[in-house]
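In: kindly return the folded structure for what I paste below:
(chains A and B)
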Amino acid sequence: MVANVKVTGFRRPGGRFGIRNHVVIIPVDDISNAAAEAVARLVNGTLALPHPYGRLQFGVDLALHWKTLIGSGRNPNVAAVVVIGIEPAWTGLVADGIAQSGKPVASFSIEGNGDISTIMRATRAARDLVGDATAIERTECSLADLVVGIKCGESDTTSGLASNPALGVVVDRLAVAGGTVLFGETTELTGAEGVIAGRTATPELRERFEGMFREYADVLERDGQDLMGSQPSKGNIAGGLTTIEEKAYGNIQKTGSGPVVDVLEPADPPTRPGINFMNTSSAGAECVTLMGAAGAVIHFFTTGQGNPVGNPIVPVVKICANPQTVQRMAEHIDVDIHDLLMGELTLGQAADRIVSAFAATARGRLTAAEILGHREFILTRLHRSA
Amino acid sequence: MTYDEGGKVRMLVHDEGDDVAIVLIDIAAGTDCTGSVVRTGAPIAPVRAVDDIPFGNKIALRKIPAQAQVIEYGAPIGVATQDIAPGAHVHVHNLRSGRW
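Out: Numbers count the residues shown, from 1 in each chain, chains lettered A, B, ... in the order given. Here you go, the predicted model:
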């Protein structure tokens, strides 16, 4: 039982557990990346989260920008934060949003000061925050205390046959143990959306899910577009997947079989234990980033053809059942379950292997993506800029 | 195992009533394939491949007429764009999405 697997984590103010202890330097906007990265170069134990946005956004797109930056700072894998922005108002907005979680935050704005003075002041603050963060000790927690994101990428037919069903068993075990799991990928449910709708826990949730699904379908219809050529992707087709419906049925195998207890907007923190749907892109790094902003501290990512995606603050655990990929792209794979596909392993044994990797990663073992420096911090945009 | 004890290539289906199975090795036309259902291990009727079919690709388990829905996971995954013979390779050349 996963509830009995004891690991250690960093208990944050508010009671959530993280499994990493990062001090992050968050730029509010694109033109603050240089200063944020300069601070991270000067102070050991810090990590900058550069990104290309934050200027002249508006409406729901701007709201999602704030929610993603603030949520990433509040993620329990983060011990403390330095926020750097061009001007004080929006810089303060992000810093205050993170500080409400109770963790230490320092913020600096560049306008009227210049990069060099800002870097100097932010470096002093970061130096002290790292000292304090590294004094935080790990304490015991259970796997069910850790919020989990799941996603598949560069999928092929081995995903639907083996890696996704094995992850689905783990998801069910976590849900039964009181854990919280996030899945998303709205477009990638196309063809199997009725199965997910049928698993929503209440009629109100079903309506909200169907509304989110229709919203993206309406955008395609309005623009006279379809996703032929994107869904399935060229990589999917090379791996034997032919249609979006086939890909969707493979995809949902990883969501287990339990009820969908909530339907969340992008980057919204889950409040209900169990299997939560979040309205996200199916693009790997965007989805992992949104789930990290919602508080996921680990991400299980199944792949067939091989996808190296990572995230700066959320360890991404790669699971693969394709016997060719686990050899050709071995350095990217954390959990090799190709023997499940070959009939030499049961689904339960494959799930046990994923749980073991979960526990090892929680205790501090680095994932392939962490070791190889994959730090994709990719913000979802809903509009073009004003 | 990739090969059954009888030396026949193994394939897997998601659901008992599926029109297609996935082959677990590159196979040549004329190869006899036997298979089972993923979750139950129940055997399915064998089929002889009529095309070369690469690892991880689909093989038709029965005749599928043009315009018919193709069933995998016990659900429609698209529409046949031409008549598909038992043992034929099923992919983008003879199957397209019902959604786009």
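
In: ok, the single nearest residue of chain B relative to chain A - contacts?
Out: Distances between chain B and chain A by Cβ to the nearest Cβ are smallest at B:Trp100, namely 3.4 Å. All C-beta atoms are positioned from the backbone trio N, CA, C, and that covers glycine. Taking Cβ atoms under 8 Å, 6 or more residues apart in numbering or on different chains, we find B:Trp100 in contact with A:226-228, A:244.

In: give me the PyMOL select line for those, limited to the buried ones.
Out: Buried residues among these (16 or more other Cβ atoms under 10 Å in any protein chain shown), as a PyMOL selection:
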select buried, chain A and resi 227+244
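
In: of the contacts of B:Trp100, which are in range of chain B?
Out: With Cβ under 8 Å from any Cβ of the partner chain as the criterion, the members of the contacts of B:Trp100 in contact with chain B are A:226-228, A:244.

In: out of the residues you listed, which are inside helices?
Out: Applying DSSP state H to those, the entries found in helices are A:Ile244.

In: so what's the residue count around B:Val38?
Out: The local packing of B:Val38 (other Cβ atoms under 10 Å in any protein chain shown) involves 23 other residues.

In: please disregard the earlier target; I meant B:Pro43.
Out: Residues near B:Pro43, counting by other Cβ under 10 Å: 11.

In: which strand residues bridge it?
Out: B:Ser36 (DSSP bridges).

In: does it touch B:Gly35 like I think?
Out: Yes. B:Pro43 is within contact range of B:Gly35, at 7.3 Å (criterion: Cβ atoms under 8 Å).

In: quick one: the strands in the stretch 151-300 of chain A?
Out: Along the stretch 151-300 of chain A, the segments classed as strands by DSSP state E, counting those that start in this stretch run A:180-183, A:260-264, A:274-278, A:298-303.

In: right, so of those, which gets closest to chain B?
Out: The nearest among the strands of the stretch 151-300 of chain A, by Cβ to the nearest Cβ, is strand A:298-303 at 13.1 Å.

In: could you report the pLDDT at the closest residue to A:Val195 other than its chain neighbours?
Out: Leaving aside its sequence neighbours, A:Val195 sits nearest to A:Ile252 (Cβ to Cβ, 6 or more residues apart in numbering or on different chains; 5.9 Å). Looking at A:Ile252, its pLDDT reads 98.

In: lowest-confidence helix or strand of chain B?
Out: Every helix and strand of chain B was ranked by mean pLDDT, DSSP states H and E. The lowest is strand B:9-13, at a mean of 86.

In: give me the packing partners of that one, helices and strands only.
Out: strand B:20-23, strand B:32-37 (3 or more Cβ pairs under 8 Å, 6 or more residues apart in numbering or on different chains; DSSP states H and E).

In: packing partners for the shortest one?
Out: Using 3+ Cβ pairs under 8 Å, 6+ apart as the contact criterion, the neighbours of strand B:20-23 among helices and strands are strand B:9-13, strand B:32-37, strand B:58-60, strand B:69-72.

In: buried ones in the longest one?
Out: Going back to what we said before, that points to strand B:32-37. Neighbour-count burial for strand B:32-37 flags B:33-37 (criterion: 16+ other Cβ under 10 Å).

In: any residues touching it, and which ones?
Out: If you take Cβ under 8 Å, 6+ apart as the criterion, strand B:32-37 is touched by B:4, B:6, B:8-16, B:21, B:23, B:27, B:42-44, B:46-49, B:59, B:87.

In: now that strand against strand B:9-13, angle please.
Out: Using axes from the mean of the first three to the mean of the last three Cα atoms, to 10 degrees, the direction of strand B:32-37 lies 30 degrees away from that of strand B:9-13.

In: quick one: average pLDDT of strand B:32-37?
Out: On average, the pLDDT along strand B:32-37 is 92.

In: which residues touch A:Thr139?
Out: Contacts of A:Thr139 by Cβ under 8 Å, 6+ apart are A:8-11.

In: now do A:Asn251
Out: Residues in contact with A:Asn251 (Cβ under 8 Å, 6+ apart) are A:152, A:155, A:159-160, A:164, A:185, A:188-189, A:192.

In: go on, A:Asp226?
Out: Contacts of A:Asp226 (Cβ under 8 Å, 6+ apart): A:220, B:99-100.

In: equivalent analysis for B:Ile53, please.
Out: Residues counted as contacts of B:Ile53 (Cβ under 8 Å, 6+ apart) are B:23, B:26-27, B:59, B:89.

In: okay, buried residues for stretch A:127-136 please.
Out: If you call a residue buried by 16+ other Cβ under 10 Å, then stretch A:127-136 has these buried ones: A:127, A:129-130, A:133.

In: returning to what we had before: pretty sure the residue nearest to A:Val195 sits against A:Ile196.
Out: Yes. The criterion here is Cβ under 8 Å, and A:Ile252 meets it with A:Ile196 at 6.5 Å.

In: what's the overlap in contacts for the two?
Out: Counting by Cβ under 8 Å, 6+ apart, the common neighbours of A:Ile252 and A:Ile196 are A:Leu189.

In: neighbours around A:Glu221, how many?
Out: 11.

In: any idea of the pLDDT on it?
Out: For A:Glu221, the pLDDT comes out at 82.

In: got it, and the one 3 residues further on?
Out: With respect to pLDDT, A:Gly224 scores 80.

In: and the two most separated of the buried residues of strand B:32-37?
Out: Maximum pairwise distance among the buried residues of strand B:32-37 (Cβ to Cβ): 14.3 Å, between B:Cys33 and B:Val37.

In: who's in contact with the spatially closest residue to B:Ala68 that is not a sequence neighbour?
Out: Closest residue to B:Ala68 apart from its sequence neighbours, by Cβ to Cβ, 6+ apart: B:Ala80 at 5.2 Å. B:Ala80 makes contacts with B:64-70, B:94-95, as judged by Cβ under 8 Å, 6+ apart.

In: need those residues in JSON lines with distance to A:Gly310, can you?
Out: Output for the contacts of B:Ala80, formatted as JSON lines (distance: Cβ to Cβ, whole Å):
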{"residue": "B:Ile64", "distance to A:Gly310": "41"}
{"residue": "B:Pro65", "distance to A:Gly310": "46"}
{"residue": "B:Ala66", "distance to A:Gly310": "45"}
{"residue": "B:Gln67", "distance to A:Gly310": "44"}
{"residue": "B:Ala68", "distance to A:Gly310": "43"}
{"residue": "B:Gln69", "distance to A:Gly310": "39"}
{"residue": "B:Val70", "distance to A:Gly310": "36"}
{"residue": "B:Asn94", "distance to A:Gly310": "38"}
{"residue": "B:Leu95", "distance to A:Gly310": "34"}
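
In: can you say which of these are buried?
Out: B:64, B:70, B:94-95.

In: out of these, who's nearest A:Gly258?
Out: B:Val70 (29.1 Å).

In: quick check: the gap between that closest one and B:Pro76.
Out: B:Val70 sits 7 Å away from B:Pro76, going by Cβ to Cβ, to the nearest Å.

In: same question, A:His374
Out: From A:His374 to B:Pro76 the distance is 37 Å (Cβ to Cβ).

In: do A:Arg124 as well
Out: Going from A:Arg124 to B:Pro76 by Cβ to Cβ gives 62 Å.

In: where does the prediction get shaky in chain A?
Out: For chain A, no stretch has pLDDT under 70.

In: name the residues of it found near chain B, please.
Out: Within reach of chain B by Cβ under 8 Å from any Cβ, chain A has these residues: A:156-158, A:160-161, A:165, A:190-192, A:226-228, A:237, A:239-240, A:242-246, A:249-250, A:304, A:322, A:324, A:341-344, A:347.
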